[in-house]
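*Asks:* here is a sequence together with a model predicted from it:
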Amino acid sequence: MNANILIVEDEKDISDILSVQLQNKGHNVEVIADGSEALERIQNQNSSTDLYILDRMLPGTSGLEICKFLRMFRQTKNRPILMLTAMTRPEDIVEGLDAGADDYITKPFDTNILMARVRALLRRAETIKKNSEEEKKGGLLTLNSLKVDTNQCKAWIDDRELDLTLSEYKLLVSFLKQPGKVLTRNQLVEYIQDGPVHVTDRTIDTHIFGLRKKLKDYSKIIETIRGIGYRVATSES
Ligand code: CA
């Protein structure tokens, strides 16, 4: 897939390397070094960008603010965002993810890893499109042999129906709706928080533990991102 990628990065060395690598893969790349200029460009474009790569610390508007804007703006709210950051503390990373980034890479990074993340995010965009069309049709979400019927609130692996609690079911749905995205505990709490039951981020770990147990061999699709949250792999990874 040839994608249109917007890189917002003020370190020229980094944006040069990224541009060359991405162009070699056949992608169209645009680089903007200033945050405010990027924000203006995003507001005035006709939303043809397939993926945003945002540095976090930028002159003008920060990557975090751009990220929040992309999520609020109707034309871009579902587009994948990869955040680059020199900040490596889990709380800084969680802040970026809670602002709406799908994934993050800490500097300095290996370009092969970055390219793999880009591939995963572009693939994820395809899966989401497919799943949202299928869900509109019949309420079905799928990931390999995992299947969820959101009309009946039932889940299966192959033909084995899973006996899930409501929280486990909701977690599974939020993972299948956002494959490849790193979901923070805060975000997962929001997804399953409903009604009088109080959910904390510790409870999330317990529910994930339960869900994994029921998924058996399939539990490896849920990856733990230490100190941050969880991610479900897209089909190829
Ligand atoms: Ca920077």
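*Replies:* Done, it's in. Numbers count the residues shown, from 1 in each chain.
*Asks:* please make it C-alpha for all contacts and neighbour counts, starting now.
*Replies:* Fine.
*Asks:* for E161, which non-adjacent residue is closest in space?
*Replies:* A155 (5.8 Å; C-alpha to C-alpha, 6 or more residues apart in numbering).
*Asks:* confirm L82 sits in a strand?
*Replies:* Yes. L82: assigned to a strand according to DSSP: H, G, I helix; E, B strand; the rest coil.
*Asks:* gap between it and the ion?
*Replies:* Distance from L82 to the ion, counting by C-alpha to the ion, to the nearest Å: 14 Å.
*Asks:* what do you get for E135?
*Replies:* According to C-alpha to the ion, E135 and the ion sit 39 Å apart.
*Asks:* hmm, that residue is touching L141, no?
*Replies:* Yes. Using C-alpha atoms under 8 Å, E135 is in contact with L141, at 6.2 Å.
*Asks:* neighbour-wise, which of these two wins?
*Replies:* A count of neighbours by other C-alpha atoms under 10 Å puts L141 above the other of E135 and L141, at 23 against 18.
*Asks:* need phi/psi at that one.
*Replies:* L141 adopts backbone torsions of phi -120, psi 140, taken as degrees, to the nearest 10.
*Asks:* could you check which helix or strand contains the residue nearest to E161?
*Replies:* Per DSSP states H and E: A155 is located in strand 154-157.
*Asks:* can you report how many residues lie near D98?
*Replies:* Neighbourhood size, D98 [other C-alpha under 10 Å]: 19.
*Asks:* report pLDDT for it.
*Replies:* pLDDT, D98: 93.
*Asks:* residue contacts, it?
*Replies:* By C-alpha atoms under 8 Å, 6 or more residues apart in numbering, D98 lies in contact with 184, 186-187.
*Asks:* scan those residues and report the most crowded one.
*Replies:* Compared across these, T184 has the highest neighbour count, 21 neighbours, by other C-alpha under 10 Å.
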